[in-house]
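K.L.:
Prediction below, plus the sequence it came from.
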Amino acid sequence: MKKILLPLCILVFLSCTSRKENRTTAQADVPKALQDNKESSLISISKRGSYDHDLVEELYKEKVKSTPALRAIETLIDKLNHAEDDSLQVYDEFKAKNQQYYSSATSHLNSIKDSLLKKEIESVIERNTMGYNNRISGLHDLVSNLNGKSGSADDRHTILMILISLGMMNEYQGKNLPSPKSIESVINDYNGLIQKMDSVISKNK
């Protein structure tokens, strides 16, 4: 029995080795993000943060490098993100200073012992606060508008990344669909092995 199985095992081993060698093909047309031997060093281009091994972003980033229109979009996104941060910083600092002041004024108001004087000054502070809110209401509306535009741009950026990467995946799938031959070959080898073992088993019953 050993004499029969040994050559057979060697044959199956050589067949598997041959298939592994055939599987190692050139990946010139395959995006780097999809190559088996790639070393991912993803730097997120999304405003919302980075992701580990995010194929959507990795594929999109590759496409950006070779597509001027996409590079122009990414440059504009970066520019607007910086401009948005700068403009909101001034607004946020102004708002924070006013909130800090009115909080401090209220604290001082509460230290007044005379209830009539306290009520009078409380009315003064309330009127002043209303005046401030009226002054800043236009800016507040603009900030809300800006946040809406920024969110809308973020949504479209996400859609753009998905659609571009989907196109790349479709191309990859069309060109790199694995051949069924190697799997079929292994199945045939197993059929041959089972047949031979069944033959030896029946003879040794």
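P.N.:
Structure received.

K.L.:
Tell me the helix or strand right after the helix or strand harbouring residue 92.
P.N.:
Assigned by DSSP states H and E, residue 92 belongs to helix 68-109. Using DSSP H and E, the helix or strand that follows helix 68-109 in sequence is helix 115-176.

K.L.:
For residue 114, what are phi and psi?
P.N.:
phi -70, psi 120 (degrees, to the nearest 10).

K.L.:
Just the pLDDT for it.
P.N.:
As predicted, residue 114 sits at a pLDDT of 95.

K.L.:
Tell me how many other residues surround residue 78.
P.N.:
Residue 78: 12 surrounding residues under other CB atoms under 10 Å. C-beta coordinates here come from the backbone N, C-alpha and C atoms, glycine included.

K.L.:
picking up where we left off before, which elements pack onto the helix holding residue 92?
P.N.:
helix 55-66, helix 115-176 (3 or more CB pairs under 8 Å, 6 or more residues apart in numbering; DSSP states H and E).

K.L.:
angle of it against helix 55-66?
P.N.:
120 degrees (axes from the mean of the first three to the mean of the last three CA atoms, to 10 degrees).

K.L.:
angle of helix 68-109 against helix 115-176?
P.N.:
If you take the same axes, to 10 degrees, helix 68-109 sits at 160 degrees to helix 115-176.

K.L.:
hmm, back to that, what's the closest of the helices and strands packed on helix 68-109 to residue 94?
P.N.:
For the helices and strands packed on helix 68-109, distance to residue 94 was read as CB to CB. The smallest value, 7.9 Å, belongs to helix 115-176.

K.L.:
counting contacts, what elements does that closest one pack onto?
P.N.:
Using 3+ CB pairs under 8 Å, 6+ apart: helix 115-176 touches helix 55-66, helix 68-109.

K.L.:
So for residue 136, which of the ones you listed sits nearest?
P.N.:
Of all the helices and strands packed on helix 115-176, helix 68-109 comes closest under CB to CB, at 7.0 Å.
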